[in-house]
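S.K.: quick one: sequence plus predicted model below, questions after.
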There are 2 protein chains.
Amino acid sequence: MSSLFRFSELGSRMQPSPIRELFKMIRQPGMISFAGGLPDPSAFPVGPFADCADVLSRDGREVLQYGASEGYPPLREMLLAMTADRLGYEVQPDELLVTSGSQQGANLIARVLLDPGDLVIVEAPTYPGTIHSLRNAGARFATVPCDADGMQVELLPEIVTRSEAETGRRPKLIYTVPDFSNPSGACMSLERRHRLVAFAAELEIPVFEDDPYGKLRYTGEALPNLKRIAAGDPQVIYASSFSKVLAPGVRVAWSVAAPEMTRAMVLMRQGEDLCTSTVTQALVAEYCRRGHLENHMSHILEVYSRKCQQMQLALNTHLAPGSATWNEPEGGFFFWLELAAGSSRELFDRAVGEKVAFVPGAAFYPGDEEQIGEIHTGDLFARLCFTFADEKAIDEGCRRLGRVLGG
Amino acid sequence: MSSLFRFSELGSRMQPSPIRELFKMIRQPGMISFAGGLPDPSAFPVGPFADCADVLSRDGREVLQYGASEGYPPLREMLLAMTADRLGYEVQPDELLVTSGSQQGANLIARVLLDPGDLVIVEAPTYPGTIHSLRNAGARFATVPCDADGMQVELLPEIVTRSEAETGRRPKLIYTVPDFSNPSGACMSLERRHRLVAFAAELEIPVFEDDPYGKLRYTGEALPNLKRIAAGDPQVIYASSFSKVLAPGVRVAWSVAAPEMTRAMVLMRQGEDLCTSTVTQALVAEYCRRGHLENHMSHILEVYSRKCQQMQLALNTHLAPGSATWNEPEGGFFFWLELAAGSSRELFDRAVGEKVAFVPGAAFYPGDEEQIGEIHTGDLFARLCFTFADEKAIDEGCRRLGRVLGG
């Protein structure tokens, strides 16, 4: 079809994401979905959150007005305290930016750092939402494989050297989800964290540490964030979000980065959406101020931990031995299955026929044509989200999956 | 200072907007500000809006979850009806996109249409927020001067021909605020509207019609939107917002554009912020569903109309005859003064000394280096917002301005 519009190079290569196309196929009655990476809606703190609307009456004149691009002051105060606690140093106001979801943080980082053709190091597999933002800024990707302990950081020096040689460019950014990666569920080992921070500092390559799941640990011991290990080192750009610990619908997240980075992100976002809604920021701040977040966290830790165990049990029960392998996640939202054979995309089609859905692994790798060096396709893998479905559906969904997978 | 980060070309040229720098200077006790283009916070519908939080209890499980990138279905239903009424044709679902403020709409349009160096036709003076988005996508600007009847559309053919010759590129977009322009307050005449639509159709140049103020008419007769005149012609991309008629803090706006344009914008926004907060969309939808918007519109039309008359009277009373000229606006937020002599930037410094503030005209023109053809600087002009200050402050502020202006 000839176009009415003369789109930009970027506009003309906008394609529906493969994941969203899959999601359309699974909207069917009776479908059990492990596909979307969604919180459990029955665990949302509906009542307490709605009660916080008092703040809209109390501070309405301020809350309904335009807000600062840096964020709503009462929420910023709270976030400074929260992040200081999590990152182990006194985060300064000029390091903090409230964003409209972590997606916006990723997009701002991409736009202020990347020129077309610039090289970014990502984990394989990695989170496709961030790939989307980076790709829109023109990134090419070199991938570092992951295992049960997260990104195989020991391969990083060679991969950087090789991809530099191939492209003539030094990588602009290393992107990682060290705690309970989406999709692999893996948690980066302490040793690798130290090694990554040291390597990035030595090569002066910024690290984008994306931490939406870090507080959602069900077993094992918490490991320090990269930003904490780096002792506030400006090389590490940290981002987290209320989406997984409170509710995605608020679209409130934040980043902690060196002042000059934060400043560039603030100026960029003024041309993107001016500011995050003061209404939702005020609701979230009020929710935290009333101490609800701690209670809610205890509640969802209990719910998600149970669901995680439930899926582990159901997979063990219903999948034929040897048909797939996986590591039981210690936190986050996902199981990451490696099939013994076959294609997870083909498995998906058969699974949908049996009314159970997951996301085939290919969605979590950059496209072949945008990868430098070794190419990963992920076709042996499948991501299963255990937080969204209820416990009965988890069991029945795994039973159906076992049937499709055979063995 | 050497940078820790290797910013992108775009990231490294991010500069604080001159307007925001001015805003810092005017944060002083006793300052009367006509500078910010802000709604009157005392007119915000605080009580009725806060009451709508019932929807957060009622539909919490849906409202707190991730939402569709196209927008929250109940709000979309409402917007389809509202826009059909305003645009005079049955707007189709695949033409409608809910955005996080009009700023995001401008940003998405810019990114899907513009490659670096592409040419955009804008009014002189024009809205700097949109310039910011367009500039971030690499735009260069050719300007069409405005008079009391808005963009001098009759000059458009020559300006397009000249700028094409100079740059070797056909303009990608024409940007206009036909109803009560920010900053000029002008309303484009009916004849010019028809001429613009015909010209754009003939040359196949899309028109971005930005309509935040159209419903805020205090005197005179409403004129049809460009999109209405074009009878839904896909060449016209229409955008409007709840910021000025309800509250900017909700960050809810929308665009109506040809399906292929809307689709590209949806895909782009998935890499920018995924979706607009379902929480604020649900609050706005509930507010409209309860019929509050009509009542509130009547109220602010009364308040703003009075303030507009008040500023007209105060300027007539306190400014020495011949020291400045202006047209009384028929709607919107702004008076646009042309000084008889001098520089509005210098006047600003003296005015701030007398504790009254406005925005000097230069802020409403693209930078010299990014303009093609005739260069406008706006240094004889000053934008005065009449909606934010209370009526007493309007009178006293104009008195101070008269004193500074002399005559």
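M.R.: Nice, thanks for sending it over.
S.K.: what residues sit buried inside stretch A:163-179?
M.R.: A:163-164, A:167, A:171-179 (16 or more other CB atoms under 10 Å in any protein chain shown). For the C-beta atoms, the positions are set from N, CA and C on the backbone; glycine is no exception.
S.K.: A:A84: which of those residues is nearest?
M.R.: Of all these, A:D179 has the smallest distance to A:A84: 18.2 Å, by CB to CB.
S.K.: ok, which stretches of the stretch 251-400 of chain A are strands?
M.R.: With strands called from DSSP state E, counting those that start in this stretch, the stretch 251-400 of chain A shows them at A:253-256, A:324-325, A:334-339, A:356-357, A:359-360, A:371-372, A:381-385.
S.K.: re the thing from before, nearest to A:E272 among the buried residues of stretch A:163-179?
M.R.: Nearest member of the buried residues of stretch A:163-179 to A:E272, counting by CB to CB, is A:L173, at 19.0 Å.
S.K.: contact partners for that closest one?
M.R.: A:109, A:113-114, A:120-121, A:134, A:205-208 (CB atoms under 8 Å, 6 or more residues apart in numbering or on different chains).
S.K.: what subset of those residues is also close to chain B?
M.R.: Contacts with chain B within those, as defined by CB under 8 Å from any CB of the partner chain: A:113-114, A:206.
S.K.: lowest-scoring secondary structure element of chain A by mean pLDDT?
M.R.: helix A:18-25 (a mean of 84; mean pLDDT, DSSP states H and E).
S.K.: hmm, the helix or strand following that one in reach of chain B?
M.R.: Using DSSP states H and E, the helix or strand that follows helix A:18-25 in sequence is strand A:32-33. No: judged by CB under 8 Å from any CB, strand A:32-33 stays clear of chain B, getting no closer than 13.1 Å.
S.K.: chain center to strand A:32-33, what's the gap?
M.R.: 21 Å (CA atoms, centre = their mean, to the nearest Å).
S.K.: that strand pairs with which strands, and in what direction?
M.R.: Here strand A:32-33 has these sheet partners by DSSP bridges: strand A:356-357 (parallel).
S.K.: what does the strand it pairs with rub up against?
M.R.: A:22, A:26, A:31-35, A:348, A:351, A:397, A:400-401, A:404.
S.K.: repeat the analysis, applying 6 Å as the threshold.
M.R.: A:26, A:31-33, A:35, A:397, A:400-401 (CB atoms under 6 Å, 6 or more residues apart in numbering or on different chains).
S.K.: show the buried residues in those.
M.R.: Looks like the contacts of strand A:356-357 have A:26, A:31-33, A:35, A:397, A:400-401 buried, using 16+ other CB under 10 Å.
S.K.: of the strands of the stretch 251-400 of chain A, which is nearest B:H296?
M.R.: Closest approach to B:H296 among those is made by strand A:253-256 (30.9 Å; CB to CB).
S.K.: residues of the least confident helix or strand of chain A that come out buried?
M.R.: A:19, A:22.
S.K.: swap in stretch A:48-57?
M.R.: Going by 16+ other CB under 10 Å, stretch A:48-57 has these buried residues: A:49-53, A:55-56.
S.K.: of these, which are in range of chain B?
M.R.: A:50, A:53, A:56 (CB under 6 Å from any CB of the partner chain).
S.K.: my guess is the second one contacts B:A53. True?
M.R.: Looking back up the chat, that one is A:A53. Yes: the pair A:A53 and B:A53 qualifies as a contact (CB atoms under 6 Å) at a distance of 3.1 Å.
S.K.: need the overlap of contacts for these two.
M.R.: In terms of CB under 6 Å, 6+ apart, A:A53 and B:A53 are not both contacted by any residue.
S.K.: list the contacts for A:A43?
M.R.: A:300, A:303.
S.K.: 7 Å instead, please
M.R.: Neighbouring residues of A:A43 by CB atoms under 7 Å, 6 or more residues apart in numbering or on different chains: A:299-300, A:303.
S.K.: so the longest strand along chain A versus strand A:334-339, what angle?
M.R.: Longest strand in chain A, counting residues (DSSP state E): strand A:140-147. Interaxial angle of strand A:140-147 relative to strand A:334-339 (axes from the mean of the first three to the mean of the last three CA atoms, to 10 degrees): 80 degrees.
S.K.: what pairs with strand A:140-147, and is each one parallel or antiparallel?
M.R.: Paired strands of strand A:140-147, defined by DSSP bridges, are strand A:119-124 (parallel), strand A:150-151 (antiparallel), strand A:371-372 (parallel).
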